[in-house]
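Asks: no sequence for this one, just the structure:
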C-alpha cells in the first residue's frame, strides 16, 4: 500500500522538525521520517548536551574562585554521574517538547530509514512507501574523520562519544581548534582534566577575528590547557593503557602522553543511503546543491540544514527549514546569510557577525574600528568577568556597520543585537542613538560604536 502526503520531511533535526511544523501551519498534510532520535544531533548529541556540561563546568570553576567575591565554601565535590544525569534530563525535556509540538500540529512521525525509489516515491524501511508532492531532505551531518595513523581503540572519541564518558579522563588530546574543540577544551579543563589542544592553522577559531582569538588562546593557556597552533598530529600509538601522540609544531616535534583523544575537526553533511544521486539529485563537493529557494535540481525536492553545507549551525538550519517549507508550499523566500551570528560557548564567550576587519579590507572597504573593554563596564566588574571587549568594524565613509565581534561575558546573547543591526543595514549612529540600559553588559556595543565614530565617551 502506498500512502500519499503533501510534504514529506526526512530528518527531525533543527531544519526538519521546524520545517514540518511550518508546513503543517500552512495547511499541508505533513509526514516526518526519522531513523534516530527526534531533535537530531543538536538536541541529543550537540548544542544542548554540550551547553549543559559547559554550564556546570563554568559553575564549578567559579566556585573555585569564590574568595575573590568575599565568600568561603568548603566540601564542593564533583559528581560526574550526577552531571551526566542532569545533561540527559535537560535533553529529555527538550526532546519531549519537540515531540509535543509535532503532535499538536498533527505531523505524522514515521520511525525508520528513508530511501528514494523515485523522485516522488520514498520507502521507509519496514514502514511502507510514501508518495509525496514535496520533499525536504534535512538529514544533518556527522563527525569528520582524520587519516592519522593509529587512531583506533576505545580511547578515541568524537564529539558524540565525548558526551557519554563513564568517567572523567585524567588527560585529553583534542585535535581541532574550531568551535567544537575549543568548547570541549573548556569543559574538560574546568573539570580538572589536563587538556592539550592542537590546531593546524595559525590560531584557534581560524575563521574569526584574530585579535580576539589570540586573547582566547591566552585564556586557555592561563587555565592550564596546552595549546599548539600551526601544528598537527602525525601519528598515534597505544601502549600500557595510554596513548602517545607525535605532534609536529612550527619549531619542534613534541611527544604527548594522554588517556583519551578527541577528534574535533568539524562535521560534514550526511545523506548516505538516501539514494539521492540514483534519482538524479545534484551533489557537489559532498553537499546537496540547492538554489536560493533551497530547491534542488529536481523542483519538488528541497534541502536544508547541514546537508547543503555553508553554516553548519542549528539556528541557520531552522531558518532554512522554515523557508524551505514556505517555498515548497507556494512561497518565494530567500535566506539572508549576511547577518548570521557565529557563537563559541567558551569562557569568556566569543560571538561574531558580519565581516572581520581583515576580511572587510580584503574586499576593498576602508574601515574604522572601535573597541570597548569589558574591564571598563560596571556590570562586568560587578560580576567579576572583565576579560575581553567589543569590536565594531565600520565602513569609514558611510559609517555602515560591517561586522561586530565580541569576546566577553554573555557574548552569545549580546550578538543578537549586532545581528539585527546588520540585518537592517544599520549605521554606527543607529546603535549610538539606541538606549542601552545601565548597568548592563549591552553598553559596550554602544561604546564601541562611539569609538568607531571617533568620539568615545568612557575610554580615552
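Replies: Perfect, I can see it now. Owing to the predicted nature of the structure, the values given are computational and were not obtained by experimental measurement.

Asks: can you give me the helices in the stretch 201-350 of the chain?
Replies: Secondary structure of the stretch 201-350 of the chain by DSSP state H, counting those that start in this stretch: the helices cover 210-222, 314-328.

Asks: tell me which of these sits most buried.
Replies: Each of these was given a mean neighbour count from mean count of other C-beta atoms under 10 Å, and the largest, a mean of 24, is that of helix 314-328. The way it works is simple: take the backbone N, C-alpha and C, and place the C-beta from them, glycine included.

Asks: what pLDDT, on average, does that helix get?
Replies: The average pLDDT within helix 314-328 is 98.

Asks: how much distance is there from it to the middle of the chain?
Replies: On the basis of C-alpha atoms, centre = their mean, to the nearest Å, helix 314-328 is displaced by 17 Å from the centre of the chain it belongs to.

Asks: picking that back up, could the helices of the stretch 201-350 of the chain go into TSV alongside distance to residue 173?
Replies: Written out in TSV, the entries for the helices of the stretch 201-350 of the chain read as follows (distance: least, C-beta to C-beta, whole Å):
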stretch	distance to residue 173
helix 210-222	14
helix 314-328	27
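
Asks: residue 71: which of the ones you listed is closest?
Replies: helix 210-222 (22.1 Å; C-beta to C-beta).

Asks: show me what the closest one packs onto, helices and strands only.
Replies: Other helices and strands packing on helix 210-222, by 3 or more C-beta pairs under 8 Å, 6 or more residues apart in numbering; DSSP states H and E, are helix 179-190, strand 226-229, strand 349-354, strand 389-395, strand 401-408.

Asks: let's see 7 Å
Replies: Packed against helix 210-222, as judged by 3 or more C-beta pairs under 7 Å, 6 or more residues apart in numbering; DSSP states H and E, are the following elements: strand 226-229, strand 401-408.

Asks: of all the helices of the stretch 201-350 of the chain, which lies closest to residue 442?
Replies: helix 210-222 (18.1 Å).

Asks: that closest one to strand 349-354, inter-axis angle?
Replies: Interaxial angle of helix 210-222 relative to strand 349-354 (axes from the mean of the first three to the mean of the last three C-alpha atoms, to 10 degrees): 170 degrees.

Asks: quick one: average pLDDT of helix 210-222?
Replies: Averaged across helix 210-222, the pLDDT comes to 97.

Asks: any idea how far that helix is from the middle of the chain?
Replies: The gap between the average C-alpha position of helix 210-222 and the chain average comes to 19 Å, counting by C-alpha atoms, centre = their mean.

Asks: just want the angle from that helix to strand 389-395.
Replies: Going by the same axes, to 10 degrees, helix 210-222 makes 160 degrees with strand 389-395.

Asks: just name the most buried of the helices and strands packed on helix 210-222.
Replies: Ranked by mean neighbour count under mean count of other C-beta under 10 Å, those are led by strand 401-408, which reaches a mean of 27.

Asks: next helix or strand past that one?
Replies: Past strand 401-408, further along toward the C-terminus, the next helix or strand under DSSP states H and E is helix 411-423.

Asks: if you count neighbours, what's buried in that next one?
Replies: Residues of helix 411-423 classed as buried under the neighbour-count rule (16 or more other C-beta atoms under 10 Å) are 411-412, 414-415, 417-419, 421-422.

Asks: contacting residues around that helix?
Replies: Contacts of helix 411-423 from elsewhere in the structure, counted by C-beta atoms under 7 Å, 6 or more residues apart in numbering, are 336, 338-339, 341, 343, 345, 348-351, 353-354, 401, 404, 406, 430-431, 441-442, 445.

Asks: what of stretch 84-97?
Replies: 37-39, 43-44, 48-49, 52-53.

Asks: selecting buried members of the residues you listed in PyMOL, what would you type?
Replies: For the buried members of the contacts of stretch 84-97, the matching PyMOL selection, counting by 16+ other C-beta under 10 Å, is:
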select buried, resi 38+39+43+44+48+49+52+53
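
Asks: got the contacts of stretch 84-97 as TSV, with secondary structure and distance to residue 189 columns?
Replies: Compiled in TSV, the contacts of stretch 84-97 are given as follows (DSSP: H, G, I helix; E, B strand; the rest coil; distance: C-beta to C-beta, whole Å):
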residue	secondary structure	distance to residue 189
37	coil	29
38	coil	32
39	coil	28
43	helix	25
44	helix	24
48	helix	21
49	helix	18
52	helix	17
53	helix	12
